[in-house]
Every structure is written in structure tokens, then in C-alpha cells.
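Chemist: Requesting a structural model of the entry that follows:
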Amino acid sequence: MSRVHLIRPQNFAEDVTAEKKMILLLCMPRDDAFDEQLRAVEEIALLYANQLKVVLPEESCLTAFREDYVIAGTPTFLALKKGREVGRILGLADRDTLKKFVDQALRSGAGAPQEGNDGP
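Modeler: The predicted structure is shown next:
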């Protein structure tokens, strides 16, 4: 998980809201599909290393995070800029789906939130 940064409540401001790069956040419990989704976000982290920071909430704060960002289902991928949501995907996503999502989020910058994608 070297390309994916684990966030905790105590480092949330530093790792998310103060970050100048776009954030891709994976909100997902550690279930059977977790490893596959983590591999996909690690590939995206490598591909967009200069433009994107990929983060994962620590499992102990996942419930609070879901409440703060009104996440009804998981997995959910959020694109954030300075802590503000600029895009969201609900559901499992492969590398190509995430790449398209990140490209769109980077183009939109800090604009209005985009419509979500229900995923495969």
C-alpha cells in the first residue's frame, strides 16, 4: 500500500483538505473485493503520481467518514479538491473506469460535483 496513504482523523486536515493535488479516496470496508479495488487504485496512483494523491480512511474511522461525506454504499470513490467533492463513483470499479473518472475530475478541478457512476 505504498502509493496509497492511510488517513486517520488526526491527519485528515493535512492529508486531504490542505493537499494541493486532487485526492482520490477509496471508501470501502476490508471485504472480499477490497484487495482487487486496492490494486486498481494503486495503478491509478502510479499513473497520476504528479497530479493525484490516493488515500484510504483507516478502518476504525470509516463509519464517521461515511457520515461526514454522506456515503450510503461502498465501495465509493471520491475525487476531492481541498476537501471538497468534485466527483463520485458508487460501486466496484476497474482500472479503466477509475482512469476515466480521474481524467474527468482533473478536468473539472474544483467545480461543481459531478454525477456519480453506478459502476459495473
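Chemist: Tell me where the chain has helices.
Modeler: 12, 34-47, 62-68, 95-108 (DSSP state H).
Chemist: Which of these sits closest to residue 20?
Modeler: Proximity to residue 20 (C-beta to C-beta) singles out helix 95-108 among the helices of the chain, at 13.0 Å. All C-beta atoms are positioned from the backbone trio N, CA, C, and that covers glycine.
Chemist: Give me the angle between the closest one and helix 34-47.
Modeler: 50 degrees (axes from the mean of the first three to the mean of the last three C-alpha atoms, to 10 degrees).
Chemist: residues making contact with helix 95-108?
Modeler: Contact partners of helix 95-108, identified using C-beta atoms under 8 Å, 6 or more residues apart in numbering, comprise 22, 24, 40-41, 43-44, 47-48, 51-52, 77, 79, 86-87, 89, 93, 114, 117, 119-120.
Chemist: gap between it and the chain center?
Modeler: 11 Å (C-alpha atoms, centre = their mean, to the nearest Å).
Chemist: If you count neighbours, what's buried in that helix?
Modeler: Buried residues in helix 95-108, counting neighbours by 16 or more other C-beta atoms under 10 Å, are found at 97, 98, 99, 101, 102, 105, 106, 108.
Chemist: and what of stretch 13-21?
Modeler: Result for stretch 13-21 [16+ other C-beta under 10 Å]: buried residues 15, 16, 19.
Chemist: That stretch spans what distance, first to last residue?
Modeler: End-to-end distance of stretch 13-21 (C-alpha to C-alpha, to the nearest Å): 14 Å.
Chemist: coming back round to it: let me have the helices of the chain in CSV, extended by mean pLDDT.
Modeler: Compiled in CSV, the helices of the chain are given as follows (pLDDT from 0 to 100):
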stretch, mean pLDDT
helix 12, 80
helix 34-47, 94
helix 62-68, 84
helix 95-108, 95
